[in-house]
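>>> model this:
(one chain, ligands or ions: 1)
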Amino acid sequence: MDTASIGAYDDVRTASRALATEAVHAGRDDLARQGLHAPPIDLSTTYPSYDSRTEAARIDAFATDGADPIGPPVYGRLGNPTVARFETALARLEGTEAAVAFASGMAALSAVLLALPIPGGTRHVVAVRPLYGCSDHLLTAGLLGTEVTWTDPSGIADALRPDTGLVMVETPANPTLAEVDLRSVARACGSVPLLADNTFATPVLQRPAEQGARLVLHSATKYLGGHGDVLGGVVACDEEFAGRLRRIRFATGGVLHPLAGYLLLRGLSTLPVRVRAASENAAELVRRLAADPRVSRVHYPRIGGAMIAFEVHGDPHEVISRVRLVTPAVSLGSVDSLIQHPASISHRIVDADDRREAGVSDRLLRLSVGLEDVEDIWADLNQALGTSPNRPTATTNHAVVGAGR
Ligand SMILES: *Cc1c(COP(=O)(O)O)cnc(C)c1O
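Here you go, the predicted model:
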């Protein structure tokens, strides 16, 4: 490879390739002509240059607009060619101009918040609950100088202030799978950037940028990686905001490791197949859970997906203690099924009243459905649910199935 800019290695920008094609080719279009098949992993922390005048000019250019330096990278914190392949591929899948990768989903959200203007000394954010527990905490605690106004989707327009820098939603939301109508929310935002956390849906089920979200956030740790062995985060957005994020990343250092970049790029290649297969399993489990007298409510979003939330009549801690095939662990989006109790784990850090008000009941369990045979998952869930607490099935409320929260 000659000294092209880090991100622009002869990317064949065919106007319309299907998502499944992009998943296996985007970010890799130059490989065959280089005589390569698997993407190279570049572990360099620094890059030699005998021309320090040009090097200075490239650093100036980066400092001005955060554009990828022309020529080889200067230093690992400015960019990395392996990570750039993942960024290119994710941007193609989300249909955005650019994407910027970080060490984790929380590092990605932190960079977005740090990139906001601070007109009156604070960063005003309007947000809709529920959000992932740590996202809620980061906004609420004000660690990065945020002041947050929580509202329903219908209240966003009224909650905006002249100094509002960001509107943040998750859809489907973690952990209740509540859905937000992105188009109408984007209209309500006007010129204020809308950030949609697309971790649960992935670009296979939903592309928020097409519906008006300026920023699309992923915990790449989940479905993008898909195998429970890599932490990462990424923001897909326009080139102008990407430049701001790259400069924040350069200054604060939350970079994605090149090995993680490699694993995430590999994860993307099977993303459509994994999401579809796991979603089929999930849809079948939703049917069985909704008909089960031991289960009081099932939450499953209209757009589908592989995440299910359900409330039990009995003790949710007992269910967690009894699973054998399904792994009792936080996180989600792996090839194997995981279950956890949000009130104890993923959303523990959120104030209990705020949590319950957002629909996160103490009886709620969150299940990330994997690629096992659905009969084996059901056999495990069935024994973990234990004996029926002897309640009339007529009181079972299944109204939420297919209706989000
Ligand atoms: C896990 C998660 C995050 C945080 O991502 P990390 O990679 O764990 O830092 C953010 N948003 C959602 C919806 C998540 O599920």
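
>>> residue 87: which element?
Residue 87 belongs to helix 81-94 when assigned by DSSP states H and E.

>>> send me that helix as CSV with only the CA atoms.
In CSV, the C-alpha atoms belonging to helix 81-94 read as follows (Å, rounded to 0.1, in the frame of the first residue of the first chain):
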residue,chain,number,x,y,z
PRO,A,81,-4.9,1.9,9.5
THR,A,82,-6.5,-1.2,10.9
VAL,A,83,-9.0,0.8,13.0
ALA,A,84,-9.7,3.0,10.0
ARG,A,85,-10.9,-0.1,8.1
PHE,A,86,-13.4,-0.8,10.8
GLU,A,87,-14.5,2.9,10.8
THR,A,88,-14.9,2.9,7.0
ALA,A,89,-17.0,-0.3,7.1
LEU,A,90,-19.3,0.8,10.0
ALA,A,91,-19.9,4.2,8.2
ARG,A,92,-20.9,2.3,5.1
LEU,A,93,-23.3,0.1,7.1
GLU,A,94,-24.9,3.0,8.9
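
>>> I'd like the next helix or strand past that helix.
Past helix 81-94, the next helix or strand by DSSP H and E is strand 98-102.

>>> near the ligand, which residues of the stretch 201-350 of the chain show up?
Neighbours of the ligand within the stretch 201-350 of the chain, by C-beta under 6 Å from any ligand atom: 219, 221, 222, 231, 233. Every C-beta, even on glycine, is put in place using the N, C-alpha and C of the backbone.

>>> and with 5 Å instead?
219, 221 (C-beta under 5 Å from any ligand atom).

>>> tell me where the stretch 201-350 of the chain has strands.
215-219, 233-237, 295-299, 307-312, 327-328, 338-340 (DSSP state E, counting those that start in this stretch).

>>> can I get these in TSV including mean neighbour count, mean pLDDT and distance to residue 375?
As requested, the strands of the stretch 201-350 of the chain are arranged in TSV below (neighbours: other C-beta atoms under 10 Å; pLDDT from 0 to 100; distance: least, C-beta to C-beta, whole Å):
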stretch	mean neighbour count	mean pLDDT	distance to residue 375
strand 215-219	28	98	30
strand 233-237	28	98	35
strand 295-299	22	98	18
strand 307-312	24	98	16
strand 327-328	16	98	18
strand 338-340	22	98	17
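
>>> now those as CSV including distance to residue 206?
Shown next, in CSV, are these (distance: least, C-beta to C-beta, whole Å):
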stretch, distance to residue 206
strand 215-219, 9
strand 233-237, 12
strand 295-299, 17
strand 307-312, 13
strand 327-328, 26
strand 338-340, 22
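
>>> can I have stretch 27-36 written out in PDB, keeping just the CAs?
Output in PDB follows, covering the C-alpha atoms of stretch 27-36 (Å, rounded to 0.1, in the frame of the first residue of the first chain):
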ATOM      1  CA  GLY A  27     -13.100  -1.400   4.500                       C
ATOM      2  CA  ARG A  28     -11.400  -4.200   2.600                       C
ATOM      3  CA  ASP A  29     -11.900  -3.100  -1.000                       C
ATOM      4  CA  ASP A  30      -8.200  -2.500  -1.600                       C
ATOM      5  CA  LEU A  31      -7.000  -5.900  -0.300                       C
ATOM      6  CA  ALA A  32      -7.100  -8.100  -3.400                       C
ATOM      7  CA  ARG A  33      -5.100  -5.700  -5.500                       C
ATOM      8  CA  GLN A  34      -2.500  -5.600  -2.800                       C
ATOM      9  CA  GLY A  35      -2.300  -9.400  -2.900                       C
ATOM     10  CA  LEU A  36      -3.900  -9.800   0.500                       C
END
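
>>> can you pull the buried residues of that stretch?
By 16 or more other C-beta atoms under 10 Å, the buried positions in stretch 27-36 come out as 27, 28, 29, 30, 31.

>>> same deal with stretch 63-74?
66, 67, 68, 69, 71, 72, 73, 74.

>>> does residue 65 really touch residue 243, like I thought?
Yes. Counting by C-beta atoms under 8 Å, residue 243 is a contact partner of residue 65 at 4.6 Å.
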